[in-house]
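# return atomic coordinates for the entry below.
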Amino acid sequence: MKIDILTLFPEMFGAIKESILGKALDKGLFELNLINIRDFSLEKHKKVDDYIFGGGDGMLMTPQPLYDAIMSVKTDNSYVVYMSPKGTVLTQSKVKSMALNYDHLIIVCGHYEGIDQRVIDLCIDEQISIGDYVLTGGELPAMVLVDTIARFIPNVLHSETSTSDESFEDGLLEYPQYTRPREFMGLSVPDVLLNGNHKEIEKWKLEQKVIETKKYRPDLIDKEN
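Below is the predicted model of the structure:
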């Protein structure tokens, strides 16, 4: 997969080049390009914002630099996403669908009070939100989207089954997990995980997934019903 991120602050994306994603990029498992929207401004001082018609606090990103930045990388196979609090809330199923169905993803990071509506009308295929709150820009949401999608790219994770047993994959949260030592601060690992009976272990995992979901995200249970 090829991912182009359009932003005013490309230096913010250094974190993506660390840990698992950094190793995946080094191996060429997916391609990530950072494109500075300001480079496309035709204004003498590379200005990319202006006041809002009709009034309102703050400034708005002007259409020309962003439109030209998008068109510089857009092809017939591109899917253009704008990270916006007005968008559809990101879910695991949405992430999986995007990872499996698109070869080229363009992610637009807004700033200030957002972007000119005409760019949305002309270029944006989908608006996506990472939650019902507002951030100062689209860079952090873009990093979240890249991280979640990259995990479904073959060979990025050490095990191909790593994504199939996680929270939300079956509408439930993940079961509790333990490692050594068997006892810590008076708390012990459940005996069922130590007896080697795989049938009993799988039964325990399912029971715990239901318990965890009812405890922390009862809305997911209600959604299934």
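
# show me where this protein has helices.
19-26, 63-73, 92-101, 117-123, 139-150, 198-216, 218-224 (DSSP state H).

# which strands or helices does the last one pack on?
It refers to helix 218-224. Applying 3 or more C-beta pairs under 8 Å, 6 or more residues apart in numbering; DSSP states H and E, one finds that helix 218-224 makes contact with helix 198-216. All C-beta atoms are positioned from the backbone trio N, CA, C, and that covers glycine.

# got a list of contacts for the helix it packs on?
If you take C-beta atoms under 8 Å, 6 or more residues apart in numbering as the criterion, helix 198-216 is touched by 170-176, 190, 192-193, 195, 220-221.

# just the buried residues of the longest strand seen in the chain, please?
Counting residues, the longest strand in the chain under DSSP state E turns out to be strand 78-89. Neighbour counts over strand 78-89 (16 or more other C-beta atoms under 10 Å) mark 78-85, 87 as buried.

# what about that strand, average pLDDT?
In this model, strand 78-89 has a mean pLDDT of 97.

# in strands, which of the contacts of helix 198-216 fall?
Among the contacts of helix 198-216, no member falls in strands (DSSP E).

# reformat the helices of the chain as TSV; add mean neighbour count and mean pLDDT.
Listed next are these as TSV, based on neighbours: other C-beta atoms under 10 Å; pLDDT from 0 to 100:
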stretch	mean neighbour count	mean pLDDT
helix 19-26	14	94
helix 63-73	18	98
helix 92-101	15	94
helix 117-123	15	98
helix 139-150	20	97
helix 198-216	14	96
helix 218-224	10	82
